[in-house]
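[1] Return a 3D structure for these sequence lines:
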Amino acid sequence: MNLFANVHELVLESLASLQSSRALPADLDFKNVTVEAPRDSSHGDMSTNAAMILAKQAKMRPREIADLLLKKLVSNTQIEHIEIAGPGFLNLTLSKSIWLEAIPQIVKLNKEFGRSSIGKEKRVNVEFVSANPTGPIHVGHTRGAVFGDALANLLDFAGYNVTREYYINDGGAQIDALARSVYLRYLEANGNSVEFIEGTYPGEYLIPVGESLKEGFGDVFVEADEAEWLPKFRAHAVRSMMELIESDLLSLGIKMDVFYSEKSLYGTGRIETALEELSAKGLIYEGYLDPPKGKLPEDWEPRKQTLFRSSEYGDDVDRPIKKSDGQWTYFAPDIAYHYDKISRKFDHLINIFGADHGGYVKRMKAAVRALSNDEITLDIKLTQLVRLYKNGEPFKMSKRAGNFISLRDLVEQVGSDVTRFVMLTRKNDAPLDFDFDKVLEQSRDNPVFYVQYAYARINSVLKKARVANINVCDGSLISADMQGVEHESEVYIIKKVCEWPRLVELAAKHNEPHRVAFYLYELASEFHAFWSKGKDTPSLRFIHEDNVMRSLSKLAVARSVAIVISNGLGILGVQPMDEMR
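    Next up is the predicted model:
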């Protein structure tokens, strides 16, 4: 049930009718015709840009087309008022009955309300977190983890077939450094004194890994050469770190569908196969790169390298895939990894990167365009830094994880729900301030509390209705006579609730789950404001014990708000609370 989609269809049908009568040319493209809520609610309920979009194609003035469309729409019983605004926008006001009839439908749909089919039969891969398996997830990764999981939930709600994927960076030099760090903890577990030099990981999280190796091998490797223990310790360390990372993610309610190992690309021919695909298209060559901009390093000299013509697909320069010594660059296995994604027949790829990977965006998009013949899109979302504050000052929690603040510390301090919601209160590419005092206070300044409180209030009023012997099961609310809803404030709440399906589609289309958090806060604000009005205006209260049917109509509106809040929080990965503690 999507009133915006219904009116959009009505506009398109009217335009088609104008074509049939030859008032409009036959060869018009309607794909950019939209129906949206106007910025100023005094301009009506909905607005269409049809006349503006079609004017150039039809070789007509926008207001001329708007006038034709107005005459077609004005006789429709769903529309109470219609007018031309500005250069040719059409502003529409729907009849009150349309809004009232929506409420029983919303209650009936319940958890399905707002679900969309825009992603039907489309497969999407969302790769997120993908942190080096050298330690626990830290706060910077947490934002990307929450954003990626909420985006996956949103796309699923919009009808897409979604795969959540973690790329394990277990093929680089950092894994050898991890293995050597674990070896130091192993020596420590065997009673030896150790020193963590630069390039190793001193975090206490490696202590149990060293102890488990002692349990398995005793002191066999205490005096052994590195070549003897490095492969075993490397494999054990990665396995242990991934178990830790999976546990950290589960504490936030995040479960991956696929863990893909970078190491699996080496020595298997997968990298070579991907690059052969590019080579066959004439996109691989031997050449020299221009010197880096700015002050040159003293040891810089031009070296012949194997390069990918990424500049032909929108990148700033061509990119090396093999070093002059014959070793692969970091970019080569990434190309192979994305070639594997393409071979798995995804329709759309989404990568969530930290802001420090901004320079990687163009080259990765170029590779996917080249490998897929421009048939598969790659959207890369960058998540900016999270700054922690307490008592108005920058805040650093325990360093037990090493030289960073862990996801687990954050969740233990404020809980999963608060962590997830707050991480989505800013657009992903904007810095986010996480203030421990504000996120735990019970006020309007705490968005997660404010939304949860609205849901709890609705549950409270439904409970009071039951005490008053009013049957408020969904079946009863569905059959309510909605004529008991009369005040413009009540209708305004209904209109806000009915924006939900359109909001879902817009958020999914732009891969922006933060829109859901923003909308829920706005809806909660409107509900709390309406609740306050009921204190002074008895007719706006939800329960009227002398008039059960009137009560049911008002309670049905409240129930619709609760349904939207519950569905929206579900996308964000936050549990609705029946009552505030």
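[2] domain ranges for the protein?
    If you go by automatic domain parsing, the domain ranges for the chain are 3-94, 266-379, 443-572.
[3] what's the first-to-last distance across the shortest one?
    What that stands for is domain 3-94. Domain 3-94 stretches 10 Å from its first residue to its last (CA to CA, to the nearest Å).
[4] now the domains of the chain in JSON lines, with mean neighbour count and mean pLDDT?
    Yep, even glycine has a C-beta here, placed from its N, CA and C like the rest. JSON lines is the format used below for these (neighbours: other CB atoms under 10 Å; pLDDT from 0 to 100):
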{"stretch": "domain 3-94", "mean neighbour count": "17", "mean pLDDT": "90"}
{"stretch": "domain 266-379", "mean neighbour count": "16", "mean pLDDT": "90"}
{"stretch": "domain 443-572", "mean neighbour count": "19", "mean pLDDT": "92"}
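[5] Ok, which of these comes nearest Thr163?
    domain 266-379 (7.4 Å; CB to CB).
[6] Between its first and last residues, how far does the closest one reach?
    First-to-last residue span, domain 266-379, CA to CA: 26 Å.
[7] What of stretch 40-48?
    For stretch 40-48, the end-to-end distance is 14 Å (CA to CA).
[8] Show me what it is in contact with.
    Stretch 40-48 has contacts (CB atoms under 8 Å, 6 or more residues apart in numbering) with 4, 7-8, 11, 33-38, 69, 81-83, 85, 89-94, 492, 495.
[9] repeat for stretch 382-395
    Contacts of stretch 382-395 (CB under 8 Å, 6+ apart): 139-140, 142-144, 147, 352-355, 357-358, 361, 396-397, 405, 423, 428-437.
[10] dump the residue contacts of Ser240.
    Neighbours of Ser240 in contact, by CB under 8 Å, 6+ apart: 182, 208-209, 212.
[11] Pull the distance from the helix or strand harbouring it to the chain's centre.
    Using DSSP states H and E, Ser240 maps to helix 226-251. Taking the mean of its C-alpha atoms, helix 226-251 sits 29 Å from the chain's own mean (CA atoms, centre = their mean, to the nearest Å).
[12] do the same with stretch 320-334
    The mean C-alpha position of stretch 320-334 is separated from the chain mean by 32 Å, CA atoms, centre = their mean.
[13] could you pull out the helices for the stretch 451-581 of the chain?
    Taking DSSP state H, counting those that start in this stretch, the helices of the stretch 451-581 of the chain run over residues 474-478, 488-498, 500-509, 514-536, 548-572.
[14] which helices and strands sit right next to the first one?
    Under the contact criterion of 3 or more CB pairs under 8 Å, 6 or more residues apart in numbering; DSSP states H and E, helix 474-478 touches helix 96-109, helix 548-572.
[15] now the longest one
    Packed against helix 548-572, as judged by 3+ CB pairs under 8 Å, 6+ apart, are the following elements: helix 96-109, helix 139-157, helix 447-467, helix 474-478, helix 488-498, helix 500-509, helix 514-536.
[16] Go again with 6 Å.
    Helix 548-572 is packed against helix 96-109, helix 139-157, helix 447-467, helix 488-498, helix 514-536, with contacts defined by 3 or more CB pairs under 6 Å, 6 or more residues apart in numbering; DSSP states H and E.
[17] Can you convert those into JSON lines and add a column each for distance to Ser21?
    Listed next are these as JSON lines, based on distance: least, CB to CB, whole Å:
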{"stretch": "helix 96-109", "distance to Ser21": "27"}
{"stretch": "helix 139-157", "distance to Ser21": "40"}
{"stretch": "helix 447-467", "distance to Ser21": "49"}
{"stretch": "helix 488-498", "distance to Ser21": "32"}
{"stretch": "helix 514-536", "distance to Ser21": "39"}
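[18] and of these, who's closest to Asp334?
    helix 139-157 (17.0 Å).
[19] Return the next helix or strand after the closest one as PDB; C-alpha atoms alone will do.
    As assigned by DSSP H and E, the chain's next helix or strand after helix 139-157 is strand 161-168. This file holds the C-alpha atoms of strand 161-168, laid out as PDB (Å, rounded to 0.1, in the frame of the first residue of the first chain):
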ATOM      1  CA  ASN A 161      18.100 -10.700  -2.800                       C
ATOM      2  CA  VAL A 162      21.000  -9.500  -0.600                       C
ATOM      3  CA  THR A 163      24.300 -11.200   0.300                       C
ATOM      4  CA  ARG A 164      26.300  -9.800   3.200                       C
ATOM      5  CA  GLU A 165      30.000 -10.400   2.600                       C
ATOM      6  CA  TYR A 166      33.300 -10.000   4.500                       C
ATOM      7  CA  TYR A 167      36.600  -9.900   2.500                       C
ATOM      8  CA  ILE A 168      39.300 -11.400   4.800                       C
END
